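[1] Got a predicted structure here, sequence first:
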Amino acid sequence: MSVWLTRIVPDPRSAQARRDLTGREAAMHLHRRLMSLFPDDAGPDPRARFGVLFRLDDTPTGSHILLQSTHQPDLTRLPDGYGTTQTRPLDPLLDALKPGLTIRYRCTASPVRKPGATTRALYNLPAVVPLTGAHADEWFTRQADTAGLTPLTLHSQPLDTARALRTPDTKKTQSIRHTRTRFDGSATITDPDLLRQKITEGIGRGKAYGCGLLSIAPARNTP
């Protein structure tokens, strides 16, 4: 199974690109746009079937969309004038992973904890509690361990909350919220197989709304 990484640089003159990147429900609009690049009639969970993960990165030249998938996207499905695109296979990078290698990483994720029933009742807590600050850092460190990584450095930055409305069949509309934090740093690979699995599957909740994509690159001065 190949893994594809696509970078889309939206054209600010495109009204459809602006709609996907700004506003209260931008994460939902962008999710729909990116899923439109994959085959229709893909079953009940096409995002999981095609391994779709994405993230919006701010750069000095504007926002870039980073799209990862296990099926090559059909970029001709983007609207005319939406932006420039570039797709490359990640397989050479994933095949080169080995224990002890130092890498740089970035992941925008939705750190949470799920308190037990007793704790929820005692403190009147919701089923899922968003984490921020040091608690979010501790969460990511645990996630990194399960991804075959030992962080050497960790910098976190809170981002805006991803919001969406969802209407399951025959049910009331649900309001979706994912508190997001971006994690950057360097790490040592301890288990390449676990790392490949986590890169492909993503980390944590909110994968349909721009969370969970773990991207890596060789650290400078790494042989």
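    Done, it's in.

[2] hey, let's count contacts and neighbours off CA atoms from now on
    Noted.

[3] Any idea which helix or strand in this structure has the lowest mean pLDDT?
    strand 162-166 (a mean of 78; mean pLDDT, DSSP states H and E).

[4] Quick one: list the elements packing against that one.
    helix 26-35, strand 174-178 (3 or more Cα pairs under 8 Å, 6 or more residues apart in numbering; DSSP states H and E).

[5] for those, which one ends up most surrounded?
    Counting by mean count of other Cα atoms under 10 Å, helix 26-35 has the highest mean neighbour count of the helices and strands packed on strand 162-166, with a mean of 19.

[6] quick one: contacts for Pro44?
    Contact partners of Pro44, counting by Cα atoms under 8 Å, 6 or more residues apart in numbering, are absent.

[7] which SS class is it?
    Assigned state for Pro44: coil (three-state reduction, DSSP: H, G, I helix; E, B strand; the rest coil).

[8] now do Ala17
    With three-state DSSP as the basis, Ala17 sits in helix.

[9] how near is it to Glu138?
    35 Å (Cα to Cα, to the nearest Å).

[10] hmm, back to that, where among the helices and strands packed on strand 162-166 is average confidence lowest?
    Across these, strand 174-178 has the smallest mean pLDDT, namely a mean of 82.

[11] Can you name the element that comes right after that one?
    With elements assigned by DSSP states H and E, the helix or strand that comes after strand 174-178 is strand 181-189.

[12] tell me what the helix or strand following that next one is packed against?
    Downstream of strand 181-189, the first helix or strand assigned by DSSP H and E is helix 192-201. Here helix 192-201 is seen to pack against strand 214-218 when contacts are counted using 3+ Cα pairs under 8 Å, 6+ apart.

[13] and the angle for the strand it packs on with helix 192-201?
    Following axes from the mean of the first three to the mean of the last three Cα atoms, to 10 degrees, one obtains 130 degrees for the angle between strand 214-218 and helix 192-201.

[14] what angle separates strand 214-218 from strand 181-189?
    Using the same axes, to 10 degrees: strand 214-218 against strand 181-189 is 40 degrees.

[15] circling back: for Ala17 and Glu138, indicate the residue with more neighbours.
    More neighbours surround Ala17 than the other of Ala17 and Glu138, with 21 against 14 (other Cα atoms under 10 Å).

[16] wait, that one sits on Pro10?
    Yes: with contact defined as Cα atoms under 8 Å, Ala17 counts as touching Pro10 (6.0 Å).

[17] can you list residues touching both of those two?
    Common neighbours of Ala17 and Pro10, counting by Cα under 8 Å, 6+ apart, are 82-83.

[18] which residues sit in contact with Ser14?
    81-83.

[19] any idea how far Thr6 is from it?
    Where Thr6 is concerned, Ser14 sits at a distance of 19 Å (Cα to Cα).

[20] Next: Ala48.
    17 Å.
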